[in-house]
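Chemist: Predicted model and sequence follow; I will ask about them next.
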Amino acid sequence: KQEVTQIPAALSVPEGENLVLNCSFTDSAIYNLQWFRQDPGKGLTSLLLIQSSQREQTSGRLNASLDKSSGRSTLYIAASQPGDSATYLCAAYSGAGSYQLTFGKGTKLSVIP
Amino acid sequence: NAGVMQNPRHLVRRRGQEARLRCSPMKGHSHVYWYRQLPEEGLKFMVYLQKENIIDESGMPKERFSAEFPKEGPSILRIQQVVRGDSAAYFCASSARASRGDGYTFGSGTRLTVV
């Protein structure tokens, strides 16, 4: 059974700092891994999706990496801004007939002006 | 082009009452997924439905919970005889085809509080 863990649970950084959010998963036989952003009272927004054959994906100031052998993914945010404050969720999709995303509990990021 | 619409946004029920949560998928989407987020927990898969069919309900509690996605109208998640432990945020997502981890659009969720 896939389990996803995110560390740290909360992170507070000053504006402009670069930061890394971590995600680990127990079953390396994943089909893809996805990072979401969740704002209070709102739904989830997909940020980046990395297929199992890929090592990383980039979108603007965001870069996500995937290392299946070690069961880890990281989300790198460059030059953080107060608008980046949100909860970031990591979700693994195992394929193999399953339709489920397995989510971590998230990292709550606060970027201080 | 509205996104995934969930209503109500907030729902308060007394213990023992029924809760009905509605999800209207994006236009053109015929696949619906329900997830539950308990306080301080990650989202947990509940059920995956296609029009008029339940495809995967492996995450649904065996009792009191049911889901449907009729030919016409929204998908409904129904919780009978609610208990305090049902208090959570319930999210619905839709996709145009059977998702392989991608193509999801999530709604803003329904926050259920059982008092």
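Modeler: Good, I have the coordinates. Numbers count the residues shown, from 1 in each chain, chains lettered A, B, ... in the order given.
Chemist: The residue in chain A that chain B sits nearest to: what's it in contact with?
Modeler: Residue nearest to chain B within chain A: A:Tyr93 (2.8 Å; CB to the nearest CB). Glycine gets a C-beta too; all of them are placed from N, C-alpha and C. A:Tyr93 makes contacts with A:Ile30, A:Tyr31, A:Asn32, A:Leu33, A:Gln34, A:Gln100, A:Leu101, A:Thr102, B:Arg100, B:Gly101, B:Asp102, as judged by CB atoms under 8 Å, 6 or more residues apart in numbering or on different chains.
Chemist: Compute the number of surrounding residues for the nearest residue to it once chain neighbours are set aside.
Modeler: In this structure, A:Tyr93 finds its nearest non-sequential neighbour in B:Gly101, 2.8 Å apart by CB to CB, 6 or more residues apart in numbering or on different chains. Counted with other CB atoms under 10 Å in any protein chain shown, residues neighbouring B:Gly101 total 22.
Chemist: Which strand or helix spans B:Gly101?
Modeler: For B:Gly101, there is no helix or strand it lies in under DSSP states H and E.
Chemist: contacts for stretch B:105-115?
Modeler: With contacts defined as CB under 8 Å, 6+ apart, stretch B:105-115 is touched by A:36, A:41-45, B:3-15, B:19, B:21, B:23, B:26, B:29, B:37, B:79, B:82-95.
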